[in-house]
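Q: Got a predicted structure here, sequence first:
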Amino acid sequence: MDENSIINKILSSYKPLIAIPVIITIIALAIVATHGLTESIDLKGGSLAVIQLEKPMSSADLKNTIQNGVNTDVNVKSVVNNQATVEIAGTSDVNILSSTLQGTGTIISYRYVGALLSSQSLTQVYYALAFAFLFMSITVFIIFRNFVPSMAVILAALCDIIIALGGMAVFGIPLSVASVGALLMLIGYSVDTDILLTTRVLKRREGTINERATNAMKTGFTMAAAAIGAMVTLYLVVLFFIPYAQVLEQISAVLVIGLVADVLATWLMNLGILRWYMEGRR
């Protein structure tokens, strides 16, 4: 099925398609509510160490070795090319960890985040997301000055964020400063595509509604394909060649999920609501 066939299918039966992103959003919200999100060291506190192993070692053996020495929960996030990234819950003295690793490996880097700092970081994360969404909503209302199209843009952005959070819960992507940055980027991208659609359908006068929507969809699909392709490439490069760059891995993974969600939210829900509104107004 080519691009024109997909567009014609969406435009000819748009009302039932509005329910698809809504249902996915509800499922994602349920997943987040029941499973919750894993918090990174930045937000829950603890220690993060990168260890150069002296000999190949499995994650389970390394975990047992460290756990016996520090007497607290240990999570071995990755072991690649004899280099391990390890999370240690609570407070762990770097000297104790170094003594535990004698004959096993050497600490390359070590970072500890205390409970007070992590609590403040988590609060700032919530504020950042809330204020970004609030000011985005105000800006959209100022631009369009029309309740229904403005709410369609805001709902599409909300669906993107909720679906991205649901994907994070499913795939175990931690809530961190990096993933929150990706969510903020996603808000901006979502509003960009939704404003593109709403401006072309609502404010332009040349052609029919279907023709204006078709032109907007072709541009939007090109943008989405380019963005998703770039993020998938970044994720694969990090996964296979630079696995210790976890910040890039988290950002790319969250954006891939969110960008796919944006395609559904923008071109099924937002476009459907706009067409319904335009036809009702006529």
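A: Nice, thanks for sending it over.

Q: As a check, name the ranges of all strands in the stretch 51-200 of the chain.
A: Ranges of strands in the stretch 51-200 of the chain, per DSSP state E, counting those that start in this stretch, are 74-80, 83-88, 105-113.

Q: how about low-confidence regions in the stretch 1-150 of the chain?
A: 1-14, 90-93, 114-119 (pLDDT under 70).

Q: Touching, Tyr189 and Ala227? I think so.
A: Yes - assessed by CB atoms under 8 Å, Tyr189 is found in contact with Ala227 at 7.0 Å. In this view, the C-beta of every residue, glycine as well, is placed from N, C-alpha and C.

Q: list residues touching both of those two?
A: Leu259 (CB atoms under 8 Å, 6 or more residues apart in numbering).

Q: With mean neighbour count and distance to Tyr235 as added columns, please give the strands of the stretch 51-200 of the chain in CSV.
A: Formatted as CSV, these follow (neighbours: other CB atoms under 10 Å; distance: least, CB to CB, whole Å):
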stretch, mean neighbour count, distance to Tyr235
strand 74-80, 17, 14
strand 83-88, 20, 17
strand 105-113, 15, 23
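
Q: So for Ile163, which of those sits nearest?
A: Proximity to Ile163, assessed across those by CB to CB, is greatest for strand 74-80 (24.9 Å).

Q: Go through this structure and flag its longest helix.
A: helix 209-240 (DSSP state H).

Q: other SSEs contacting that helix?
A: helix 3-12, helix 177-198, helix 246-264, helix 271-281 (3 or more CB pairs under 8 Å, 6 or more residues apart in numbering; DSSP states H and E).

Q: What is the last one packed up against?
A: With contacts defined as 3+ CB pairs under 8 Å, 6+ apart, the packing partners of helix 271-281 are helix 14-17, helix 147-171, helix 177-198, helix 209-240.

Q: go again using 10 Å as the cut-off
A: Applying 3 or more CB pairs under 10 Å, 6 or more residues apart in numbering; DSSP states H and E, one finds that helix 271-281 contacts helix 3-12, helix 14-17, helix 19-35, helix 147-171, helix 177-198, helix 209-240.

Q: what packs against the second one?
A: Counting contacts by 3+ CB pairs under 10 Å, 6+ apart, the secondary-structure elements packed against helix 14-17 are helix 3-12, helix 271-281.

Q: same thing but at 7 Å, please
A: Applying 3 or more CB pairs under 7 Å, 6 or more residues apart in numbering; DSSP states H and E, we find helix 14-17 packed against helix 271-281.

Q: In the helix it packs on, which residues are buried?
A: Buried positions in helix 271-281, judged by neighbour count with 16 or more other CB atoms under 10 Å: 271-275, 277-278.

Q: Specify the beta-bridge partners of the residue nearest to Tyr112 when sequence neighbours are not counted.
A: Using CB to CB, 6 or more residues apart in numbering and skipping the chain neighbours, the partner closest in space to Tyr112 is Ser47 (4.7 Å). On the basis of DSSP bridges, Ser47 is bridged to Ile88, Tyr112.

Q: Ser47 - how many residues pack around it?
A: 22 (other CB atoms under 10 Å).

Q: do Ala157 as well
A: Ala157 has 27 nearby residues by other CB under 10 Å.

Q: For the closest residue to Leu184 other than its chain neighbours, give its distance to Ser190.
A: Of all residues not flanking Leu184 in the chain, Ala132 sits nearest, at 5.4 Å (CB to CB, 6+ apart). According to CB to CB, to the nearest Å, Ala132 and Ser190 sit 11 Å apart.

Q: Give the buried residues for stretch 184-197.
A: 184, 186-187, 189-191, 193-197.

Q: what's that stretch in contact with?
A: 128, 132-133, 136, 140, 143, 153, 156-157, 160-161, 164, 216, 219-220, 223, 227, 255, 258-259, 262, 266, 270-271 (CB atoms under 7 Å, 6 or more residues apart in numbering).
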